[in-house]
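**Student:** what shape does this take:
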Amino acid sequence: MISGGSGFLMLRGLIVLIAGMLLSGCTAVAPAGGLLGMAHGGTSPLQIHEQTSVNLSEDNFVLVRTNVFGVSKGFSLLGFITIVPANFTTAMDRMYASAQMTPGQPQTVAHLIVEHSGSYWILFGIPKVEVHADIVQFNPPAATGRPGKRRAAPAERPG
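**Tutor:** Next up, the predicted model:
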């Protein structure tokens, strides 16, 4: 049986320990959200593999904008209870808006980079998805005499 004085000391020590853990700004272990992701194979649920090829030996494209980006941030309690997800689609929509791409134009995204990151504290986490890309616009094909060859422009005659 614990006497009244020692019970008070244990309770006070426990309160000081919990307060110290809550007020410290760093964690000693990985956030639980990262650990839960590893339990499911360690891959993110969204995997996109799409490729656009541009032949750089031909003059069939123009670089319109470089390093356009979009960001989406979320919020989670305790690092694994998602309240607001960091959404890839939102980040892509914001990237397209910042790129000022217009429908109907022969434009595409090149060099797409997707970064998943976040800041984690003891009581909450802020996951983040960032997308970066270059915008390329294709030129219409030039008139050709033979497939794969460009026709030379007519030379001007001295007059």
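**Student:** show me the shaky parts of this structure.
**Tutor:** In the predicted model, the chain carries pLDDT under 70 at residues 1-10, 13-14, 16-57, 142-159.
**Student:** hmm, 90 instead?
**Tutor:** The chain contains residues with pLDDT under 90 at 1-63, 78-80, 101-111, 121-122, 136-159.
**Student:** which stretches of it form helices?
**Tutor:** Listed in chain order, the helices of the chain (DSSP state H) span residues 4-23, 32-39, 88-99.
**Student:** V68 contacts A133, doesn't it?
**Tutor:** Yes: counting by CB atoms under 8 Å, V68 does reach A133; the two are 5.9 Å apart. For the C-beta atoms, the positions are set from N, CA and C on the backbone; glycine is no exception.
**Student:** what sits against H116?
**Tutor:** Contacts for H116 were tallied using CB atoms under 8 Å, 6 or more residues apart in numbering; they are S44, A86, P127, K128, V129.
**Student:** how about these in CSV, adding neighbour count and distance to L78?
**Tutor:** As requested, the contacts of H116 are exported to CSV (neighbours: other CB atoms under 10 Å; distance: CB to CB, whole Å):
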residue, neighbour count, distance to L78
S44, 12, 20
A86, 22, 16
P127, 23, 13
K128, 16, 18
V129, 24, 20
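**Student:** what would these look like in TSV with distance to V62?
**Tutor:** Formatted as TSV, those follow (distance: CB to CB, whole Å):
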residue	distance to V62
S44	33
A86	33
P127	36
K128	32
V129	29
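**Student:** taking these together, which two end up most distant?
**Tutor:** Greatest spatial distance in these: S44 and K128, 13.1 Å, computed using CB to CB.
**Student:** where along the chain do the strands fall?
**Tutor:** Ranges of strands in the chain, per DSSP state E, are 61-73, 75-77, 81-84, 107-120, 124-138.
**Student:** which stretch among these comes nearest T90?
**Tutor:** Taking CB to CB as the criterion, strand 61-73 is the member of those that comes nearest to T90, at 4.0 Å.
**Student:** dump that closest one to PDB, restricted to CA.
**Tutor:** Taking only C-alpha atoms (Å, rounded to 0.1, in the frame of the first residue of the first chain), the coordinates of strand 61-73 have been written out as PDB:
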ATOM      1  CA  PHE A  61       9.000  21.500 -79.500                       C
ATOM      2  CA  VAL A  62       9.400  24.800 -77.600                       C
ATOM      3  CA  LEU A  63      10.000  25.000 -73.800                       C
ATOM      4  CA  VAL A  64       7.200  27.300 -72.600                       C
ATOM      5  CA  ARG A  65       7.800  27.400 -68.800                       C
ATOM      6  CA  THR A  66      10.300  25.900 -66.400                       C
ATOM      7  CA  ASN A  67      10.000  24.700 -62.900                       C
ATOM      8  CA  VAL A  68       6.300  25.200 -62.400                       C
ATOM      9  CA  PHE A  69       5.100  23.700 -59.200                       C
ATOM     10  CA  GLY A  70       2.000  22.900 -57.100                       C
ATOM     11  CA  VAL A  71       1.700  22.000 -53.400                       C
ATOM     12  CA  SER A  72      -0.900  20.300 -51.300                       C
ATOM     13  CA  LYS A  73      -0.600  20.200 -47.500                       C
END
